[in-house]
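**Q** coordinates for the following, if possible.
(chains A and B)
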Amino acid sequence: MLEVSELGKTYRVADKQPGVKGSLRHLFRRVTREVNAVAGVSFTIEPGEFVGFLGANGAGKTTTLKMLSGLIKPSSGRASVLGHEPFKREHAFLKQITLVMGQKQQLIWDLPALDSLRINGAVYELSPAEATRRIGELGEMLDINHLLTLPVRKLSLGERMKCELLAALLHLPAVLFLDEPTLGLDINAQESIRAFLKQYNQQYRATVLLTSHYMADITALCSRVLVIHQGRLIYDGGLADLADRLTPCREIELRLAEPISNERLAAFGEVATRDGLSVRLMVNRPDLRDTLARLVEELKPTDLTIHEPPIESVIGPLLRGERSLLSATGTAQERS
Amino acid sequence: MSFLGKQRALLVTAFAHTTTYRAEMVLWALSGSLPIILMGVWSEAARDATLGYSPLEMVRYFVAVLVIRQLTFVWVIWEFEESLVRGRLSHDLLRPIDPVWQYLANHVAERIVRFPIVVGLVFLCFALYPGAAYFPGWAVLGQAALLIAGSFITRFSLQYTLATTCFFNERASSLESLSFIAYAFLSGMLAPLDLYPELVQRLAGWTPFPYLIFTPARLLIGQQVDVVGALQVMAAWTFGLVLLQRWLWRKGLARYSAMGA
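**A** Numbering: from 1, shown residues only, chains lettered A, B, ... in the order given. Sure thing, here's the model as predicted:
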């Protein structure tokens, strides 16, 4: 369905110093440098999968999506989407995919969305009756049928994004590349779009590759994630497994039956906080089962809770580039 | 849906877009009224000198230039450049239709909306110079329509080819500014070409420009014109430009980085 092998993209970009001196130097002697936006990425996505594509800004997510949708030509490697080489942009390929870019619109700004939808219907060779049926069906799923005759410029950001989604999905693509589709939207609009994407994925068995900086998008929609860092794929697997790799410890909250010294507690794990009989212990995941058994047997606590750290707090720093997965795990290739 | 069905949908929406801003439409049409100013200047000049044109012929010539300019005005290079630089081209490239058809539909729709304004401007000119009012006849109008259509297609092909260089320099409109100087000078927009020195006339003959304004204008004022020959020359230029554009397009797409998208 979607096979990517050693895909790479190198850009040559101008490197200019600021100020008048830099401008004059740039005028007479251009300095450029090569940027490896994507460096040998490989993965496979099966039909119907909903995959999250994570990474900090500049990690190479959008460049990868652009290569997979056929917008830009890879510098190396190969990609196959639905059996097509994307950059050839054959009509048979374009009719089966879509790329949604948050904050970038395809709808005509001054006209009602319906006018843009009519064009898309014709361009994707839908009969007027079929186009009308699909507009009604998808419009109902997105709850925007009452907005389609209003000028796009009069719509709110969330309403506009829903109309964009409708325009992008009118031809019922089998593969969706979604680049930050909820960017800048309020919580309600984000949830609404998430629900729609989930429904679309299930109803049409569509394959989806989603990039988002909102962890709620990823946790709500994706069971599998790809993590890219400085152009290299460093993780390919389940979301829960990723969280495990990033947080090797679990937190056990105890209510002791009687006072016990910290030295004795340290035999079970690292004492994170202590407030009288209330204790928070950090325990390595592999030792969790044995430690719990010993704790219950030896300390007989009156209350015991195990906490999973919230996934947002685990992966958030990774997306912001504040934390590297490389220290927590090998590359995806090494892992496989 | 057939090719024509797609074109119809593009044209209908382009028409809706063009009619959204009526005042802007009128202002754009008026901004192309330079020939009216030149008409005044050259009809006065024709009184005192032996130019080969009488003052009334000069008025008629520039009325014809006005009509031709209004109906062959092309702006695809600015539309394409903005689309490429702001990343909107990416959306166009992801649709199973060449973006050129959208640009072409926009131009054709604008022409349809602009036509009544052009007719109004012609009546205004003849009101200013009542002696110049004339009707060239339906046969001439039919042939002129063909030449004007050919002129528009050639001009569009030339500008779209220049626009394609955006892939390489991101600012192709500067090339158009340069090209416009040659177009304005050699097309007969500023003065009838037969007033130019012989050498310049011969030089102009090696370019497509004289066929874009001067040839249909001469036809409209009643002079003899080889319509078929002019159409053949424009078709040859268009064919060459389309070949060049397709080559630049393929090379350009390989460099395209979908900036801003």
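**Q** check residue 176 and give its pLDDT.
**A** By default, I'm working from chain A. pLDDT recorded at residue A:176 is 97.
**Q** that answer is for a different chain, and I need it for chain B
**A** For residue B:176, the predicted pLDDT is 90.
**Q** so how far is residue B:106 from it?
**A** For residue B:176, the distance to residue B:106 (Cβ to Cβ, to the nearest Å) stands at 17 Å. C-beta: built from backbone N, CA, C; applies to glycine.
**Q** what's the answer for residue A:275, then?
**A** Per Cβ to Cβ, residue A:275 is found 70 Å from residue B:106.
**Q** the two: which is more packed in?
**A** The neighbour comparison of residue A:275 against residue B:106 (other Cβ atoms under 10 Å in any protein chain shown) goes to residue B:106, with 20 against 7.
**Q** that one should be in a strand, yeah?
**A** No - Residue B:106 is assigned helix when assessed by DSSP: H, G, I helix; E, B strand; the rest coil, not a strand.
**Q** contacts only, for residue A:283.
**A** A:249-252, A:268-270, A:291 (Cβ atoms under 8 Å, 6 or more residues apart in numbering or on different chains).
**Q** how about a cut-off of 7 Å?
**A** By Cβ atoms under 7 Å, 6 or more residues apart in numbering or on different chains, residue A:283 lies in contact with A:249-250, A:252, A:268-269, A:291.
**Q** what pairs with the nearest residue in space to residue A:291 that is not next to it in sequence across the strands?
**A** In space, and not counting its chain neighbours, residue A:291 is closest to residue A:283: 4.9 Å by Cβ to Cβ, 6 or more residues apart in numbering or on different chains. Going by DSSP bridges, residue A:283 is paired in beta bridges with residue A:250.
**Q** how many neighbours does the nearest residue to residue B:164 once chain neighbours are set aside have?
**A** Spatial nearest neighbour of residue B:164, excluding adjacent residues (Cβ to Cβ, 6+ apart): residue B:248 at 4.2 Å. By other Cβ under 10 Å, the residues close to residue B:248 number 19.
**Q** pLDDT on the helix or strand that contains residue B:248, on average?
**A** Assigned by DSSP states H and E, residue B:248 belongs to helix B:227-255. Averaged over helix B:227-255, pLDDT sits at 96.
**Q** do the same with stretch B:7-15
**A** 91.
**Q** residue B:43 touches residue B:57, doesn't it?
**A** No - between residue B:43 and residue B:57 there is no contact under Cβ atoms under 7 Å: 8.8 Å.
**Q** which residue packs closest to whichever residue of chain A sits closest to chain B, ignoring adjacent ones?
**A** Ranked by Cβ to the nearest Cβ, the top residue of chain A for proximity to chain B is residue A:122, at 3.3 Å. Leaving aside its chain neighbours, residue A:122 sits nearest to residue B:9 (3.3 Å; criterion: Cβ to Cβ, 6+ apart).
**Q** got it, and residue A:273?
**A** Using Cβ to Cβ, 6+ apart, the nearest residue to residue A:273 is residue A:280, at 4.6 Å.
**Q** check which helix or strand that neighbour maps to.
**A** Short version, using DSSP H and E: residue A:280 is in strand A:278-284.
**Q** can you name the residues of chain A sitting close to chain B?
**A** Residues of chain A found near chain B (Cβ under 7 Å from any Cβ of the partner chain) are A:11, A:66, A:69, A:71-73, A:89, A:91, A:94-95, A:99, A:101, A:104, A:106, A:108, A:110-111, A:115, A:118-119, A:122-127.
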